[in-house]
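> when you get a sec, could you give me coordinates for this:
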Amino acid sequence: MVFLAVRRQDHHAALAGLTPDDGKILVSLIAGLAVDDLRRTLVTRAPVIRAIPLPAVRERRSVTVTFPSHPAVDSLFERLGGALPVTDEAAFNVFSALTGTLTAHYAYLATLTSWAAGHGIAPDIADRYVRGLFENAGRSLSDGSRPLHRLAADHETPAGNNERVRTTWFGPANSTALEGALDSLLADLG
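Residues are numbered from 1 along each chain as shown. I've put the predicted structure just below:
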């Protein structure tokens, strides 16, 4: 297997002169570069598989989306936390867009910490609390028996603090804005 991990905008220069043997399996980690486009760039008949491994694969705790499914590639990612082969490139691009939300999550947590510090909590204490709060909440994600909307409801007291923040901050306008950002990213990836 040959792993290709460069930025999409740099792929022509970075891959210039690469002539992969048709017997190799090319695993592209290049976001937004279609299989056919990469095949044309490399002028190869070697299998080209796209994959989205996330940093947690190093701990064997992250599912990796692949397209198209390939037994050797899927087997490798199964050992690294799980493989999620999808049947078409459009679906693959949807998953690729979803990965674009990770740093927004961290920025959200940093904003909470900064807000607490602005109200007199020592930054290191606020950081420790916010990390613990969301690390513990994140553990509930391993309960696959409940869909995410059910998890949210199960963590919310009617007319309580969580419901208040959710309905005033993450209302329809913010939901629509997030969906718009994802749609725009998806258009760039496809």
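> going by C-alpha atoms from here, please, whenever you check contacts or count neighbours.
OK.
> buried stuff in the helix or strand in which residue 173 is found?
Using DSSP states H and E, residue 173 falls within helix 172-189. Buried residues in helix 172-189, counting neighbours by 16 or more other Cα atoms under 10 Å, are found at 182, 185-186, 189.
> now these in TSV, with pLDDT and distance to residue 37?
Output for the buried residues of helix 172-189, formatted as TSV (pLDDT from 0 to 100; distance: Cα to Cα, whole Å):
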residue	pLDDT	distance to residue 37
182	94	23
185	94	18
186	95	17
189	90	12
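> can I get the residues you listed in CSV including distance to residue 120?
Formatted as CSV, these follow (distance: Cα to Cα, whole Å):
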residue, distance to residue 120
182, 35
185, 38
186, 41
189, 43
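> between the residues you listed, which is nearest residue 129?
For the buried residues of helix 172-189, the closest approach to residue 129 (Cα to Cα) belongs to residue 182, at 29.8 Å.
> apart from its neighbours in sequence, what residue is nearest the closest one?
Take residue 182 and drop its neighbours on the chain: the residue closest to it by Cα to Cα, 6 or more residues apart in numbering is residue 97, 6.2 Å away.
> now do the contacts for that neighbour.
By Cα atoms under 8 Å, 6 or more residues apart in numbering, the residues touching residue 97 are 182, 185-186, 189.
> and those, which is closest to residue 75?
residue 189 (25.8 Å).
> do I have it right that that closest one meets residue 31?
Yes: judged on Cα atoms under 8 Å, residue 189 makes contact with residue 31 at a distance of 7.0 Å.
> okay, and the common contacts of those two?
What both residue 189 and residue 31 touch, as defined by Cα under 8 Å, 6+ apart, is the set residue 96.
> phi, psi of the most centrally placed residue in the chain?
The geometric centre of the chain, computed from its C-alpha atoms, lies nearest to residue 99 (Cα atoms, centre = their mean), at 2.2 Å. The phi/psi pair for residue 99 (degrees, to the nearest 10) reads phi -70, psi -20.
> residue 65 too?
phi -80, psi 140.
> what are the bridge partners for it, then?
residue 52, residue 84 (DSSP bridges).
> just confirm it contacts residue 81, I think it does.
No: Residue 65 is beyond contact range of residue 81, at 10.9 Å (criterion: Cα under 8 Å).
> neighbour-wise, which of these two wins?
Legend: neighbour count by other Cα atoms under 10 Å for residue 65 and residue 81, higher for residue 65 (24 against 17).
> report the mean confidence score over the helix or strand containing residue 152.
Using DSSP H and E, the element containing residue 152 is helix 148-154. Average pLDDT, helix 148-154: 88.
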